[in-house]
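In: the sequence and its predicted three-dimensional model are supplied below.
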Amino acid sequence: MSTVKSLRIHEADNVLIAIRDLSTGDIIEGPNGSIAVREDIARGHKISSRDIETGESIIKYGYPIGHATEAVPQGSWLHTHNMKTSLRGKVNYTYQPSEPQTAVVSPDLPRTFQGYIRDNGEVGIRNELWIINTVGCINKTAENLARMAEKELVTDGIDGVYHFAHPYGCSQLGDDLTYTQKALAGLVRHPNAAGVLILGLGCENNRLEVFKPLLAEVSERKVRYMAVQQVSDEFEEGMALLTELADYAKTFKRQEVPVSKLKIGLKCGGSDGFSGITANPLVGKVSDFVTARGGTSLLTEVPEMFGAETILMNRSQDETVFTQVVDLINGFKDYYTRHGQAIYENPSPGNKDGGITTLEEKSLGCTQKGGTAVVMDVLQYGETASKPGLNLVQSPGNDMVSVTALTVSGAHMILFTTGRGTPMGAAVPTLKVATNTELAERKKNWIDFNAGKLVDGASFDDTAAALYRKVISVASGESQTHSEVNGFREIAIFKDGVTL
């Protein structure tokens, strides 16, 4: 019987990764010779590379990802039936700064992209009109206006008219309403929107006179307001206002700008056993390319940092940022406790099906999207990024909520890695990176880039360069992501409070 290849990520690991489905009796290559597989093991799942004792740490990526709950013979499947997380409670952290690493960017890789320079100096990668409603009661009004404007106003120079439905803005109290206002205000400020029509109903908590003060720094040329209860024909009045915004949008033309103006959001969803091996490290490398050239990367999914948080903490620019990262992590642990939920109730059923067993394992793979850059800042939910480099953003891991948080913080596009696939798209271009070739080939209308080729022997550096060029192409409007072509654009606002 021929020997089957497997993956060993780090020399300290006591697990191997199946790169295809394995059957009982298959022989795989181990670090110290051949290993007989004891049971059927699915692609992406873990195999013990030696005998492991009860209570012994399971090592992957060179770090513990949990412990064995029973004795595990060499060649066995390691998963939820015989291992579990070792995470417990809150942790006391000490700042132990790691040696900064500076990415080496090939001079052959693009230093500029074609963007739209706005009046305030910010740069957009799309020239769109957005309709933002302050309350969910008028979602359909916004939808109909967007449809009408798309037919009548989209010409050369305007990339489209979009609205983003949500159920909030009324019957909310305290921080819950504040989160809604911050999210919507962030969308209004976003530079991909050349012009924004803000719709209010008139009787909601988040009525226009309450919402407007959050937009004091936004150019009056960029926004128009309409209270639907106060006009006789909201569609006639809305189209008149959108026509004014379209005329303003047409004054912007693409021009060459440095990569230092680019902001990318980093997200994973539907992760599998290859996420931390292929797509996430690849996106991390591209993130390093962007930040090395003065650009900005935004990393979120705070609960999916648990178990790997010290790696990020020790890459903090200074002790002040370290303290902010600690507060970010502990704040989310308190959030779970406050609602009576287990802090470490993760991964998802889909993650487990794909080979991820514990939160430590998921987090160690997830945080690789942040590359090796220094953490320059921590942003609260709804706060716009202002410091170049790697920024951490307060948000849960939920796909729609977190991509919205990244967008609100200023991400021009989202680099979204996935091992199981998802069609969703953010309000900004969402570039899907598959962790495995099977997914990339099966869901060609979802996936924009295949990182699975790394398992097949492709050069990591060459593949990272290709993904970086793809990012620049999308930023310059030379290509669109599948989420854009399919018209998949959505938002989801983080909710934490009482609804009346």
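Out: Cool, got the structure.
In: angles on the backbone of Phe211, please.
Out: As for Phe211, its main-chain torsions (degrees, to the nearest 10) stand at phi -80, psi -40.
In: I figured it hits Glu204, correct?
Out: No: counting by CB atoms under 8 Å, Phe211 sits too far from Glu204 to count as a contact (9.4 Å). Quick note: C-beta positions are derived from backbone N, CA and C, even for glycine.
In: wait, Ala246 sits on Leu129?
Out: Yes: counting by CB under 8 Å, Ala246 sits close enough to Leu129 to count as a contact (6.3 Å).
In: sorry, back to before: who touches both of Phe211 and Glu204?
Out: In the contact map built from CB atoms under 8 Å, 6 or more residues apart in numbering, the residues linked to both Phe211 and Glu204 are Thr134.
In: neighbour-wise, which of Ala246 and Leu129 wins?
Out: Using other CB atoms under 10 Å as the criterion, Ala246 and Leu129 rank with Leu129 on top: 26 against 21.
In: contact partners for His163?
Out: When the contact criterion is CB under 8 Å, 6+ apart, the partners of His163 are Trp130, Ile131, Ile132, Asn133, Asn139, Ala142, Glu143, Leu145, Ala146.
In: looking at the residues you listed, which one is closest to Ile491?
Out: Distance ranking of the contacts of His163 against Ile491, using CB to CB, places Ile132 first at 9.6 Å.
In: and the strand or helix carrying the closest one, how far out from the chain middle?
Out: Ile132 belongs to strand 128-133 when elements are defined using DSSP states H and E. Using CA atoms, centre = their mean, to the nearest Å, the distance from the centre of strand 128-133 to the centre of the chain it belongs to is 22 Å.
In: so which residues make contact with that strand?
Out: Applying CB under 8 Å, 6+ apart, the set of residues contacting strand 128-133 from outside is 139, 141-142, 145-146, 149, 153, 158-164, 166, 169, 184, 187-188, 190, 192-200, 242, 245-246, 249, 427.
In: filter the residues you listed down to just the ones in helices.
Out: When the contacts of strand 128-133 are checked against helices (DSSP state H), the matches are 139, 141-142, 145-146, 149, 153, 184, 187-188, 242, 245-246, 249.
In: closest to Ala373 among the residues you listed?
Out: Ala373 lies nearest to Leu187 out of the ones in helices among the contacts of strand 128-133, by CB to CB, at 26.5 Å.
In: while we're on Thr300, how confident is the model there?
Out: Model confidence at Thr300, expressed as pLDDT, equals 97.
In: again, but for His339
Out: Confidence per residue is given as pLDDT, and for His339 that number is 86.
In: hmm, back to that, now distance to Ser479, neighbour count and pLDDT too, for the contacts of His163, in JSON lines please.
Out: Output for these, formatted as JSON lines (distance: CB to CB, whole Å; neighbours: other CB atoms under 10 Å; pLDDT from 0 to 100):
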{"residue": "Trp130", "distance to Ser479": "22", "neighbour count": "25", "pLDDT": "98"}
{"residue": "Ile131", "distance to Ser479": "26", "neighbour count": "28", "pLDDT": "98"}
{"residue": "Ile132", "distance to Ser479": "27", "neighbour count": "25", "pLDDT": "98"}
{"residue": "Asn133", "distance to Ser479": "31", "neighbour count": "29", "pLDDT": "97"}
{"residue": "Asn139", "distance to Ser479": "31", "neighbour count": "16", "pLDDT": "98"}
{"residue": "Ala142", "distance to Ser479": "28", "neighbour count": "25", "pLDDT": "98"}
{"residue": "Glu143", "distance to Ser479": "27", "neighbour count": "16", "pLDDT": "98"}
{"residue": "Leu145", "distance to Ser479": "29", "neighbour count": "26", "pLDDT": "98"}
{"residue": "Ala146", "distance to Ser479": "24", "neighbour count": "21", "pLDDT": "97"}
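In: going on from the lengthiest helix in the chain, what's the next piece of helix or strand?
Out: Ranked by residue count under DSSP H, the longest helix found in the chain is helix 319-338. Scanning forward in sequence from helix 319-338, with DSSP H and E defining helices and strands, the next element found is helix 349-353.
In: which stretches of the stretch 1-150 of the chain form helices?
Out: Counting by DSSP state H, counting those that start in this stretch, the stretch 1-150 of the chain forms helices over residues 139-153, given from the N-terminal end onward.
In: low pLDDT regions in it?
Out: Per-residue confidence for the stretch 1-150 of the chain (pLDDT under 70) gives these ranges: 1-2.
In: stretch 164-172: which residues count as buried?
Out: The neighbour-count check on stretch 164-172 (16 or more other CB atoms under 10 Å) flags Phe164, His166, Tyr168, Gly169, Cys170, Gln172 as buried.
In: from the residues you listed, which one has the minimum pLDDT?
Out: In this model, the minimum pLDDT among these belongs to Gln172 (92).
In: in the sheet, who's paired with that one?
Out: Here Gln172 sits in beta bridges with Thr499, going by DSSP bridges.
In: and it, what does it touch?
Out: When contacts are counted by CB under 8 Å, 6+ apart, Gln172 is found next to Thr180, Asn205, Asn206, Gly497, Val498, Thr499, Leu500.
In: thought the third one was touching Thr178?
Out: I take that to be Asn206. No: the pair Asn206 and Thr178 fails to qualify as a contact (CB under 8 Å) at a distance of 9.9 Å.
In: ok, those two, which is more surrounded?
Out: Summary of the neighbour comparison: Asn206 and Thr178, criterion other CB under 10 Å, with Asn206 having more neighbours (22 against 17).
In: quick check: the gap between the closest residue in space to the more buried one that isn't next to it in sequence and Asn391.
Out: If the residues on either side of it in the chain are set aside, Asn206 comes closest to Gly169, at 4.1 Å by CB to CB, 6 or more residues apart in numbering. Gly169 sits 27 Å away from Asn391, going by CB to CB, to the nearest Å.
In: and the nearest residue to Trp77 once chain neighbours are set aside, what are its bridge partners?
Out: Closest residue to Trp77 apart from its sequence neighbours, by CB to CB, 6+ apart: Ile41 at 4.7 Å. Listed beta-bridge partners, Ile41: Leu22 (assigned using DSSP bridges).
In: list the contacts of Ile41.
Out: Applying CB under 8 Å, 6+ apart to Ile41 gives the contacts Ala18, Asp21, Leu22, Ile47, Trp77.
In: would Arg221 count as being in a helix?
Out: No: assessed by DSSP: H, G, I helix; E, B strand; the rest coil, Arg221 does not belong to a helix; its assignment is coil.
In: confidence score at it?
Out: According to the model's per-residue confidence, Arg221 sits at a pLDDT of 96.
In: next, Glu478: secondary structure please.
Out: Going by three-state DSSP, the secondary structure assigned to Glu478 is coil.
In: burial measure for it, as a count.
Out: Summarising burial for Glu478: neighbours were counted as other CB under 10 Å, giving 11.
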